[in-house]
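> Return atomic coordinates for the entry below.
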Amino acid sequence: MNSIIRKLNVGLTGSLTMALGVNIFLVPYHLLDGGMIGIGLLLQYYFEFHPGLSILIISTPIFLVVYLYDRTLFLHSLYGLILSSLLIDLLSPFRDYILLPIPLHAIYGGSLIGLGIGIMLAYGMNTGGTDLIAQLLSVKLNLPIAVLIFLIDFLILFVGIHVIGMERTLYSFVTIVFVAIFTHYFTSRKLFG
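Purely as a prediction, here's the structure:
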């Protein structure tokens, strides 16, 4: 029972940290993260879709594939996906409360998102989507998960150049570097396992 409560708390903490990083630090300057969060933000900036709902919908096919290959990973990740998607949209009213220089938004946003992802990955959970793909590939390719997440994030960032422009893309690159640093820090130390 303690293990279940701990996983629920880890999922809540990680999802809340990520949602705050997205809403308080990325959205005010139209910065991107990579992965499904980046795709959700691109859809927000370009079409004004709700990013959390977009993440949930786009992640569904990936979850169906993972369900066939690893049901334990599927179950551990489903909670993180639903909770983080919900919190990203629920915390959207906090988007304009803090306005710092754009470099600080890139650093703080990436740090909070990486912290949230790292905490969940250290417990075998994640938010699904590209993190789930990276987690599966990490085992198959024997590569650190943070490296794979960084490569996927970079690809999403490259796709988003035409939506957010070159300056914001460069700051968004800073964001994904900090996501990778914080993710690697927590996943490599297994602080919570």
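> Wait, residue 81 touches residue 56, no?
Yes. The criterion here is CB atoms under 8 Å, and residue 81 meets it with residue 56 at 6.6 Å. Any C-beta I mention is one placed from the backbone N, CA and C, and that applies to glycine too.
> More neighbours: which of the two?
Neighbours per residue (other CB atoms under 10 Å) separate residue 81 from residue 56, with residue 81 holding more: 27 against 23.
> List the buried residues of the helix or strand hosting the more buried one.
Using DSSP states H and E, residue 81 sits within helix 71-90. Across helix 71-90, burial judged by 16 or more other CB atoms under 10 Å covers 73-74, 76-85, 87-89.
> List just the nearest of the residues you listed to residue 128.
residue 81 (3.7 Å; CB to CB).
> any idea how far residue 99 is from the closest one?
Distance, residue 81 to residue 99, using CB to CB, to the nearest Å: 30 Å.
> got the angle between the helix or strand hosting residue 60 and helix 71-90?
Applying DSSP H and E as the criterion places residue 60 in helix 51-69. Angle, helix 51-69 to helix 71-90, by axes from the mean of the first three to the mean of the last three CA atoms, to 10 degrees: 180 degrees.
> so what secondary structure elements neighbour helix 51-69?
In terms of contacts (3 or more CB pairs under 8 Å, 6 or more residues apart in numbering; DSSP states H and E), helix 51-69 is packed against helix 35-47, helix 71-90, helix 129-141.
> Next, the buried residues of the helix or strand following the second one.
Beyond helix 71-90 on the C-terminal side, the first helix or strand identified by DSSP H and E is helix 102-122. Neighbour-count burial for helix 102-122, with 16+ other CB under 10 Å as criterion, is recorded at 102, 105-122.
> hmm, which helix or strand of the protein has the shakiest average pLDDT?
In the chain, no helix or strand scores lower on mean pLDDT, DSSP states H and E than helix 129-141, which sits at a mean of 80.
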